[in-house]
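Q: sequence and predicted structure are below.
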Amino acid sequence: MNGVREWATVICLAALSAAMLQSLVPNGSMERMARFVIGAFIICALVAPISKAVPQIRAGLETENHPAKENERLNSTVDRQFEDAAQQSITGLVHSELKRMGINCKNVQVIMDTDENGSISINKVVVTVDGEAASGRAGVSSALEKTLGIKTEVVSNEG
């Protein structure tokens, strides 16, 4: 609470000083520059107490947590979310394309790899369709490959 009282005192003194300095500045070409300097002074007076508190806050956070482990966990979570989003997007495209063709889709499996740079590469899409659509698997596969731009394998649920 004492810190807040000190900060309020500094702000009041800075505002009082700024008002006195502004009354002393002559009108003319230097007035704009003086207002700029006084504004910067006020901002510094507001920020200075916060800058003293930030190292204390940062030190408290680093002693309680392990930043390297947190960053690694965050990166793995983000990578997993990217993979999930890519898989859901491709699955949605496959379902909509097969629905447009009048084929019932049972399952879509997206086979992906992630390299050391974090880039996701999609190797293949395996689509499982009903047995009645099994006869036209080659046509369905080529249509999906054309739509997706990814190697697609179509299998029937009967084997």
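A: Looks like it came in fine.
Q: helix or strand for Ser89, which one?
A: Under the criterion of DSSP states H and E, Ser89 resides in helix 67-101.
Q: cool, Asn107 as well?
A: Using DSSP H and E, Asn107 falls in strand 105-114.
Q: pull up the pairing partners for that strand, direction included.
A: Applying DSSP bridges to the sheet, strand 105-114 is found paired with strand 120-129 (antiparallel).
Q: what's the angle between the partner strand and helix 67-101?
A: 40 degrees (axes from the mean of the first three to the mean of the last three CA atoms, to 10 degrees).
Q: buried sites along strand 120-129?
A: By 16 or more other CB atoms under 10 Å, the buried positions in strand 120-129 come out as 122, 125, 127, 129. No exception for glycine: its C-beta is placed from N, CA and C like everyone else's.
Q: pLDDT at the second one, what is it?
A: For Val125, the pLDDT comes out at 86.
Q: please shift the residue numbers so they start at 136 in all later answers.
A: Sounds good: first residue 136 from here, last item Val260.
Q: skipping adjacent residues, who's closest to it in space?
A: Thr287 (4.7 Å; CB to CB, 6 or more residues apart in numbering).
Q: picking up where we left off before, pull out the buried residues from the helix holding Ser224.
A: 218, 222, 225-226, 228-229, 232-233.
Q: cool, and stretch 278-294?
A: Within stretch 278-294, the residues that count as buried by 16+ other CB under 10 Å are 278-279, 283, 285, 287, 289-291.
Q: could you dump these into CSV with distance to Leu159 added?
A: CSV is the format used below for these (distance: CB to CB, whole Å):
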residue, distance to Leu159
Ala278, 81
Leu279, 78
Leu283, 73
Ile285, 73
Thr287, 78
Val289, 84
Val290, 86
Ser291, 89
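Q: so of those, which ones are in strands?
A: Cross-referencing the buried residues of stretch 278-294 against strands under DSSP state E gives 287, 289-291.
Q: OK, contacts around the closest residue to Thr282 other than its chain neighbours?
A: Leaving aside its chain neighbours, Thr282 sits nearest to Glu232 (5.1 Å; criterion: CB to CB, 6+ apart). When contacts are counted by CB atoms under 8 Å, 6 or more residues apart in numbering, Glu232 touches 278-279, 282.
Q: now do the buried residues in the strand or helix carrying Ser158.
A: In this structure, Ser158 sits in helix 137-159 according to DSSP H and E. Residues of helix 137-159 classed as buried by neighbour count (16+ other CB under 10 Å): 142, 149, 153.
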